[in-house]
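*Asks:* Output the structure for:
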Amino acid sequence: MGIIDLFRRAPKVSAEANLLISELLRFGVSETASGIHVDVDRATKNTARLRAVTLISNSIGMLPMHVIDSATKKKADSHPLFRVLHRQPNTWQSAFDFRSLMQLRALVKGNAYALVVRSPSARGGRRVTQLVPLDPDRVTVEQAADWIVTYAYQPAKGGRVVYPAQDILHLRGVTLDGLNGLSLVKQAAEAVGIAVSAELATARLMKNGTMAGGVLRHPGKLSAEAYQRLKESLASKEGAENAGKSLILEEGMDHSSPAASARDSQLDALR
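*Replies:* Numbering: from 1, shown residues only. Okay, here's the model as predicted:
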């Protein structure tokens, strides 16, 4: 089947909904063993995962999408579908924005959907004029006993609408049943939960932990004058320009640097 056939309108069909599989595979919030509830918003706050999905999505968004004439093997830039796919899929998105969004949703939620909008053509029939992205969390894929696939969409306002497969552009990720893509966020929820936990633990350590660079020990008690002189002496050794200068200690004082614990080292390595 060519890409042109994908957007040709077929008679509207209705089928009995198979909700069990779609609800089991539908993206939601996963509670991990680390105690972190992982959803798309939480996962994309992890900088490594955010970088991964944006790098892939933006790269796909930058790729051109052309309609090719099967006879001449040249760009069919006069075809109405060429403008929709290559230049502007709808009235508010560029082709880059549309492709990037679809790829991002396919990665993090497993599925990306777009409604194929058609209008009467001057040459007869109906031509594709827009591709409108649909919220994946509001779409349910249904397959009847005769294998006919339909898409049920629940808008934010209004009643539920059922579309035939010919009216939906469906971009799916890795799939086990051929209908629903697997959310990479949901599949990697445990790893994401550990990463988020490490970020939180480190942030709390920065906020509440004691970060002493060294410890000075004195056998007795310093007078106010000696304490002030010591502070001034230490301040004169601070900064990059004073790196490597020797520290002079008075009155039998001893200096030591606290060593990082194994737990702190493991936290740094985990991050």
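
*Asks:* make it CA atoms for all contacts and neighbour counts henceforth
*Replies:* Will do.

*Asks:* outside of stretch 226-243, which residues touch it?
*Replies:* Contact with stretch 226-243 is made by 245, 247, as judged by CA atoms under 8 Å, 6 or more residues apart in numbering.

*Asks:* what's the span of it from first residue to last?
*Replies:* Terminal residues of stretch 226-243 lie 24 Å apart, using CA to CA, to the nearest Å.

*Asks:* what are the ranges of the strands in the stretch 1-150 of the chain?
*Replies:* 30-31, 37-38, 111-120, 126-134, 139-143, 149-153 (DSSP state E, counting those that start in this stretch).

*Asks:* Pull up the pairing partners for the second one, direction included.
*Replies:* What that stands for is strand 37-38. strand 30-31 (antiparallel) (DSSP bridges).

*Asks:* on that earlier part again, of the strands of the stretch 1-150 of the chain, which is nearest Gly252?
*Replies:* strand 37-38 (54.0 Å; CA to CA).

*Asks:* looking only at pLDDT, what's the mean for the closest one?
*Replies:* For strand 37-38, the mean per-residue pLDDT is 74.

*Asks:* same thing with stretch 252-264?
*Replies:* Mean predicted confidence for stretch 252-264 is 71.

*Asks:* same check, this time on stretch 156-163
*Replies:* 94.

*Asks:* Which positions in it come out as buried?
*Replies:* 162-163 (16 or more other CA atoms under 10 Å).

*Asks:* please renumber so the chain begins at 8
*Replies:* OK, 8 is where the count begins now, so the last one is stretch 163-170.

*Asks:* mind checking the end-to-end distance for it?
*Replies:* End-to-end distance of stretch 163-170: 16 Å, with CA to CA as the criterion.

*Asks:* repeat for stretch 213-225
*Replies:* Stretch 213-225 has its terminal residues 28 Å apart, counting by CA to CA.

*Asks:* distance of the residue nearest the centre of the chain from Leu57?
*Replies:* Within the chain, one residue has its C-alpha closest to the average C-alpha position: by CA atoms, centre = their mean, that is Thr51, at 4.4 Å. Here Thr51 is placed at a distance of 5 Å from Leu57 (CA to CA).

*Asks:* next one: Ala113
*Replies:* Taken as CA to CA, the span from Ala113 to Leu57 is 14 Å.

*Asks:* more neighbours, these two?
*Replies:* Remark: of Ala113 and Leu57, Ala113 carries more neighbours, 25 against 12, as counted by other CA atoms under 10 Å.

*Asks:* who's the nearest residue to that one once chain neighbours are set aside bridged to?
*Replies:* Closest residue to Ala113 apart from its sequence neighbours, by CA to CA, 6 or more residues apart in numbering: Ala119 at 5.0 Å. Bridge pairing for Ala119 (DSSP bridges) gives the partners Leu178.

*Asks:* thought Ala119 was touching Pro143?
*Replies:* Yes - with contact defined as CA atoms under 8 Å, Ala119 reaches Pro143; the gap is 5.9 Å.
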